[in-house]
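Enquirer: pasting the structure only:
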């Protein structure tokens, strides 16, 4: 797609001297239909020269459009208008391909417990208006979460982590409100945020998780909620250290009214200890623990611990009338979680994922590439060049992975690929590492983009 604003003089030109003005101008062109999904925006340098502004101003305007879900960056191809309500990229296997898929992000099916091997205790049928949480599950979950989260909490059961987070945000935010999220970010979180009309404000990360100065910038910009992954971050695998969690709590202490959501999706499998950013003074908070990674994606259940006000609001959205989580699923969950063989399998699975990630990181080092050995289902690899181009080269060698740009909020992850390697044999790892090194060598390196300040 070409730059229509350059080719068609009838289309009103972009104008403005500030980031806000430039964004408003482009949005007005989108609203008027002059810019449509698939159209490219002018190169940032050319736009800056035409408007007589600093190139950083044009860059920040484009990043704001990307954060709002109105545009996307495609590496050297430029920045393109997108439909914020069209289907976004999702986790799972690539469809209609003969390539070996190492980008699916799935747990290993061979390490998921078999529900039919556990026996459910007899129970009376459940009726409308009855309590929404199974008593046995509530007792187990309350004890388990209290081991890590000392603050008093109320328990809620949701239909998975995504369902829980979407409901938590809906009780606090309205379309147009901003929230802080990690950059790079979990694919489904990006989809949830954009489809609900919220504005994501990216928080930069390093090996220890969210960076405190970047979180503070987001809070100063006026975000009303924060979503943080305390361990096994997807896609990077980063986990909060105790020191980093304490630093983030110090930052959040100045903003006690902000809703803080911890997405502890890998809790049952994690090798890293849980470290919380929820401080004593935080008024609104929630810890979400999904069962999907350990018990299987089809076990649509998440346990949510939160302050009483947040729990009350959440419970009103999960009523005993139509939207509670099936008691059959709840009973099956507690039966599996208290089954000795199932817990042993979960422990073996967690160790297997960590060992496979570590082994593949070693293979990558042997071919001159870098990937930290971290927690989670995935490996985050710096490919040094444009990730889309590297991905094409890798596909020519028989593999398909996830482009790091898919996880980014402001175009700063375009030299990474996310790989899921826990089901590969040693020989397959060796071949993938060699093929990836060859793909990287075929693409010119690009410098990493500097971090931009957060804008709400």
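Expert: Great, that's in hand. Computed from a predicted model, the values in this text were never measured in an experiment.
Enquirer: only C-alpha atoms for contact and neighbour calcs from this point on.
Expert: OK.
Enquirer: name the helices or strands packed onto the longest strand seen in the chain?
Expert: Counting residues, the longest strand in the chain under DSSP state E turns out to be strand 199-206. With contacts defined as 3 or more Cα pairs under 8 Å, 6 or more residues apart in numbering; DSSP states H and E, strand 199-206 has these neighbours: helix 55-67, strand 178-183, helix 187-195, helix 212-220.
Enquirer: Could you provide the ones you listed in TSV, with additional columns for mean pLDDT, distance to residue 42 and mean neighbour count?
Expert: Output for those, formatted as TSV (pLDDT from 0 to 100; distance: least, Cα to Cα, whole Å; neighbours: other Cα atoms under 10 Å):
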stretch	mean pLDDT	distance to residue 42	mean neighbour count
helix 55-67	87	10	22
strand 178-183	95	25	26
helix 187-195	86	24	19
helix 212-220	98	28	21
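Enquirer: Tell me which of those sits nearest to residue 286.
Expert: Using Cα to Cα as the criterion, the shortest distance between residue 286 and the helices and strands packed on strand 199-206 is 14.8 Å, found for strand 178-183.
Enquirer: show me where pLDDT drops low in this structure?
Expert: Counting by pLDDT under 70, the chain has low-confidence residues at 1-12, 75, 84-96, 319-322, 411-413, 447-456.
Enquirer: Name the nearest residue to the residue nearest the centre of it, ignoring sequence neighbours.
Expert: A centroid search over the chain (Cα atoms, centre = their mean) returns residue 186, at 1.3 Å, as the residue closest to the centre. Sequence neighbours aside, residue 234 is the residue nearest to residue 186 in space, at 5.5 Å (criterion: Cα to Cα, 6 or more residues apart in numbering).
Enquirer: how close does the one you found sit to residue 349?
Expert: The spacing between residue 234 and residue 349, counted by Cα to Cα, to the nearest Å, is 17 Å.
Enquirer: Check residue 287 too.
Expert: For residue 287 relative to residue 349 (Cα to Cα), the value is 23 Å.
Enquirer: of those two, who's got more company?
Expert: Here residue 287 and residue 349 are set side by side on neighbour count (other Cα atoms under 10 Å), and the busier one is residue 287, at 26 against 23.
Enquirer: So the more buried one belongs to a helix, correct?
Expert: No: according to DSSP: H, G, I helix; E, B strand; the rest coil, the state of residue 287 is strand, so it is not within a helix.
Enquirer: so it bridges to which residues?
Expert: When bridges are assigned using DSSP bridges, the partners listed for residue 287 are residue 262, residue 305.
Enquirer: what's the neighbour count on the residue nearest to residue 186?
Expert: Other residues near residue 234 number 24, with proximity taken as other Cα under 10 Å.
Enquirer: contacting residues for it?
Expert: 185, 186, 376, 378 (Cα atoms under 8 Å, 6 or more residues apart in numbering).
Enquirer: quick one, phi psi at the residue lying closest to residue 53 once chain neighbours are set aside?
Expert: If you skip the residues right next to it in sequence, residue 53 has residue 17 as its closest partner in space, 6.2 Å away by Cα to Cα, 6+ apart. Residue 17 adopts backbone torsions of phi -120, psi -10, taken as degrees, to the nearest 10.
Enquirer: domain assignment for the chain?
Expert: Domains of the chain are assigned by automatic domain parsing as 4-81, 126-336.
Enquirer: now, of these, which is deepest in the fold?
Expert: Compared across the domains of the chain, domain 126-336 shows the largest average neighbour count, a mean of 20 (mean count of other Cα atoms under 10 Å).
Enquirer: do you know how far residue 63 is from residue 127?
Expert: When distances are taken as Cα to Cα, residue 63 and residue 127 turn out to be 50 Å apart.
Enquirer: And residue 404, by the same measure?
Expert: When Cα to Cα is the yardstick, residue 404 and residue 127 sit 46 Å from each other.
Enquirer: Next: residue 259.
Expert: Noted for residue 259: a distance of 33 Å to residue 127, by Cα to Cα.
Enquirer: can you check residue 161 too?
Expert: Distance of residue 161 to residue 127, computed by Cα to Cα: 25 Å.
Enquirer: which parts of the lengthiest helix in the chain are buried?
Expert: Among all segments of the chain classified by DSSP state H, the helix with the greatest residue count is helix 340-366. For helix 340-366, burial by neighbour count (16 or more other Cα atoms under 10 Å) applies to 342-343, 345-347, 349-350, 352-364.
Enquirer: Who are the packing partners of it?
Expert: Looks like helix 340-366 contacts helix 327-337, helix 426-441 (3+ Cα pairs under 8 Å, 6+ apart).
Enquirer: I'm done for today, thanks for sticking with me.
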